[in-house]
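1. Can you look at this prediction? I've put the sequence above it.
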There are 2 protein chains.
Amino acid sequence: MATIDDVARRAGVSTATVSRALRGLPNVAEATREHVRRVAAELNFAASRSASSLASGRTNTVAIVVPHVTRWFFGKVISGAEEVLRTAGYDVLLYSICDARARERFFAKLPLRGRADAVLVLALPVTAEEVGLLEGLGVPVGLVGHRARGLISVGIDDEAGARLAAQHLVNLGHKRIGLITGDDDPLRFTTPRTRRTAFREVLRANGLPSGPELEAEGGFTFAGGERAMTELLSRPSPPTAVFAISDEMAVGAMKSLRRHALEPGRAVSVVGFDDHEMAEVLDLTTVAQPVAEQGSTAASLLLRQVSGHRPDRPERIVLPVRLIVRGTTAPPSS
Amino acid sequence: MATIDDVARRAGVSTATVSRALRGLPNVAEATREHVRRVAAELNFAASRSASSLASGRTNTVAIVVPHVTRWFFGKVISGAEEVLRTAGYDVLLYSICDARARERFFAKLPLRGRADAVLVLALPVTAEEVGLLEGLGVPVGLVGHRARGLISVGIDDEAGARLAAQHLVNLGHKRIGLITGDDDPLRFTTPRTRRTAFREVLRANGLPSGPELEAEGGFTFAGGERAMTELLSRPSPPTAVFAISDEMAVGAMKSLRRHALEPGRAVSVVGFDDHEMAEVLDLTTVAQPVAEQGSTAASLLLRQVSGHRPDRPERIVLPVRLIVRGTTAPPSS
DNA sequence: CTGTTAGCGCTTTCAT
DNA sequence: ATGAAAGCGCTAACAG
């Protein structure tokens, strides 16, 4: 592998000039630059990342910390962020944290220390202590899906989303409205709690029952949603409508309803959250949120800070949600 | 951030000893090692990755090249690989290549040059030229989902899987069997072709019709599967059974069938591929493949090569598939 | 506009 | 078992 010295020698200039020419810095004669470029190409030269990192202190890398690469939502967010980062010339380091042990190890060792110019953390509700550790990294930190004082954050208004769903079902005249949540305990996501609280408030404000007997846990998965709905149906007085806080769970719930000969949108109404690809095809009423965009927005903010932008106050961007009414919601059948 | 010199000074030893002690190399007195460890911890020291890479020539990083982080299959493979790599102390660099342009750029610049000790490429059917470029990286390269001469590869027997599905439907007595494939042209995956060919062979061998008029393209997505099934149903003489080469498409197909009042498993049989989480809940007959395991297996092989193992012949591992018969397949109804 | 010269923070012989 | 010292390949002042 050719080094910068090989290029310099062959081009008849100094290494400094090669470095400048190749990185597009000013103060290089256009002719020289062209010449250096040609020689570098001939030699198939590419600057060693570790050498330039060591010398410059920059890594040209951004770390993304994510629970469950496997989940649709996170995959989308990652790919949104990845594209922005890649385009800006940054590499993406992936840290997947799928259980409490991994999380502990991650924060204990912070393997990304010194490896990234910025960090993007998805959905993990970073504790005060963890925030401290991340800040100690000395690079900009961005959060998607929840906030923490002092850090960039991008997300949606979960309360508003949940309220939209709840109010829609209330307006249709439902009196017993269930909730399929996803508590995912080991990683302690905040989203489920936030949505649940807002959801309950709407019910209470409308004089409707709410609470554990109308709620079930679906772990954010299709199978979990199916189980949760089945459980709700087995309760003494089952709901006539449910709000599932993810589309995947909502679709699982629809499956359960059909299995019980309860047509979604007729016997029981269902509202999901996300506007997953399946929602449209299945005619599922849902609270739509921009997903990839949360990743790309966060990545852009992060890069701005990397290149010196120092906002006066922590940047927090809230992307809009909206209710998409489709066929799975209707007035109660009786 | 403390450097190795700080630790050495404070511990009263040389930097060489610190380096050895902290990396667990031999020839360090146990007492010294313990002492150095303690001091390092006090100072919150972590060796700079770029400095050690530069000095040692190793990066402790593995790159994963993947199309569509967003797709269930790839997410699973990544997380399988990630776990093995993380456990072995390697970081994961993610390169997502979701269209032909990105692919071209990637191979033109090979941004991972010098950044990784090994490369894992998922599903991209690497052309001879691309294989050359990857080999030129000078690090072990592993492939998941297809093979190339000289490179490690891990996958399943796609022919066998497709045959299993086809034969099952033939045995049930179906005479017109459709195929929902996913050609995904821009990236030219080989999997769809392989499965289609094997599938057609079985039909032909059994004297049954096959070919384009019984096939439709579903792009590996739920919505695509739904469209593909709808298209098949609109043809002059629609199939009484279909094989979708992914579960997500199979589930989409089931949706289409229901919309046409054709109960899957009664009016029309459906077989999927993957054994996605949804398959069990939806009672979908499918060809099961180990997914995360393909990632972890490939990662392990790669790491073995990184640490010097030189197999005599290219390593190719084929993981087993099996047919799981569930409720969506039955003899033709008429 | 270009060259010289120090490092960046580690690893790795080679001595001792 | 430990230390001294020479780089690894690049960037960033500083001169000119």
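-> Alright, I've got the coordinates.
2. what bits of chain A have low per-residue confidence?
-> Counting by pLDDT under 70, the low-confidence segments of chain A come to A:184-186, A:334.
3. got the residues of chain A near DNA strand C?
-> By the rule Cβ under 7 Å from any atom of the strand, the part of chain A lying against DNA strand C is A:12-17, A:20, A:26-29, A:31-33, A:51, A:54-55. No exception for glycine: its C-beta is placed from N, CA and C like everyone else's.
4. What residues does A:S53 make contact with?
-> For A:S53, the set of contacting residues under the criterion of Cβ atoms under 8 Å, 6 or more residues apart in numbering or on different chains consists of A:59-60, B:49-50.
5. A:P290 now?
-> Contact partners of A:P290, counting by Cβ under 8 Å, 6+ apart, are A:156, A:319-320.
6. same question, A:V119
-> With contact set as Cβ under 8 Å, 6+ apart, A:V119 has these partners: A:62-65, A:112, A:134, A:137, A:139-142.
7. still on that earlier bit, may I ask which two of the contacts of A:S53 are separated the most?
-> Within the contacts of A:S53, two members stand farthest from each other by Cβ to Cβ: A:N60 and B:R49, at 12.8 Å.
8. Please identify which of these two sits among more neighbours.
-> Set side by side, A:N60 and B:R49 show unequal neighbour counts under other Cβ atoms under 10 Å in any protein chain shown, the larger going to B:R49 at 23 against 18.
9. mind checking how far that one is from DNA strand D?
-> From B:R49 across to DNA strand D, the span is 12 Å (Cβ to the nearest atom of the strand, to the nearest Å).
10. Check whether the residue lying closest to that residue once chain neighbours are set aside sits in a helix, strand or coil.
-> Distances taken as Cβ to Cβ, 6 or more residues apart in numbering or on different chains put A:R115 closest to B:R49, at 5.2 Å, once the chain neighbours are dropped. Per DSSP: H, G, I helix; E, B strand; the rest coil, the secondary structure class of A:R115 is coil.
11. do the same with A:A299
-> With three-state DSSP as the criterion, A:A299 was assigned helix.
12. One more: A:V77?
-> In the three-state summary, A:V77 is assigned as helix, counting by three-state DSSP.
13. Looks to me like A:T286 is in a strand.
-> Yes: checked against three-state DSSP, A:T286 lies within a strand.
14. Any buried residues in the helix or strand harbouring A:R38, and which?
-> Element membership for A:R38 (DSSP states H and E) is helix A:30-42. For helix A:30-42, burial by neighbour count (16 or more other Cβ atoms under 10 Å in any protein chain shown) applies to A:32-33, A:35-37, A:39-40.
15. Give me the packing partners of it, helices and strands only.
-> Taking 3 or more Cβ pairs under 8 Å, 6 or more residues apart in numbering or on different chains; DSSP states H and E as contact, the helices and strands that helix A:30-42 lies on are helix A:4-11, helix A:15-23.
16. possible to save those as JSON lines with distance to B:E277?
-> As requested, the helices and strands packed on helix A:30-42 are exported to JSON lines (distance: least, Cβ to Cβ, whole Å):
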{"stretch": "helix A:4-11", "distance to B:E277": "50"}
{"stretch": "helix A:15-23", "distance to B:E277": "47"}
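17. right, so of the ones you listed, which gets closest to B:T240?
-> For these, distance to B:T240 was read as Cβ to Cβ. The smallest value, 63.1 Å, belongs to helix A:15-23.
18. quick one: contacts of the closest one?
-> If you take Cβ under 8 Å, 6+ apart as the criterion, helix A:15-23 is touched by A:4-5, A:7-8, A:11, A:13, A:25, A:27-28, A:32-33, A:36-37, A:40, A:47.
19. Using PDB, list the CA coordinates for stretch A:102-109.
-> C-alpha atoms of stretch A:102-109 as PDB (Å, rounded to 0.1, in the frame of the first residue of the first chain):
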ATOM      1  CA  ALA A 102     -24.700  -5.300  27.000                       C
ATOM      2  CA  ARG A 103     -25.800  -1.900  28.100                       C
ATOM      3  CA  GLU A 104     -23.800  -2.100  31.300                       C
ATOM      4  CA  ARG A 105     -20.700  -3.300  29.400                       C
ATOM      5  CA  PHE A 106     -21.100  -0.600  26.900                       C
ATOM      6  CA  PHE A 107     -21.200   2.200  29.400                       C
ATOM      7  CA  ALA A 108     -18.500   0.600  31.600                       C
ATOM      8  CA  LYS A 109     -16.000   0.400  28.800                       C
END
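20. residues touching the residue in the stretch 201-334 of chain A positioned nearest to DNA strand C, list them.
-> Proximity of the stretch 201-334 of chain A to DNA strand C (Cβ to the nearest atom of the strand) peaks at A:V306, 18.6 Å away. Under the criterion of Cβ under 8 Å, 6+ apart, the neighbours of A:V306 are A:117-118, A:139-140.
21. Which members of the residues you listed occur in strands, if any?
-> Judged by DSSP state E, strands contain the following of the contacts of A:V306: A:A118.
22. returning to that earlier point: let me have the contacts of A:V119 in a markdown table, extended by secondary structure.
-> Converted to a markdown table, the contacts of A:V119 look like this (three-state DSSP):
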| residue | secondary structure |
| --- | --- |
| A:V62 | strand |
| A:A63 | strand |
| A:I64 | strand |
| A:V65 | strand |
| A:L112 | coil |
| A:L134 | helix |
| A:L137 | coil |
| A:V139 | coil |
| A:P140 | coil |
| A:V141 | strand |
| A:G142 | strand |
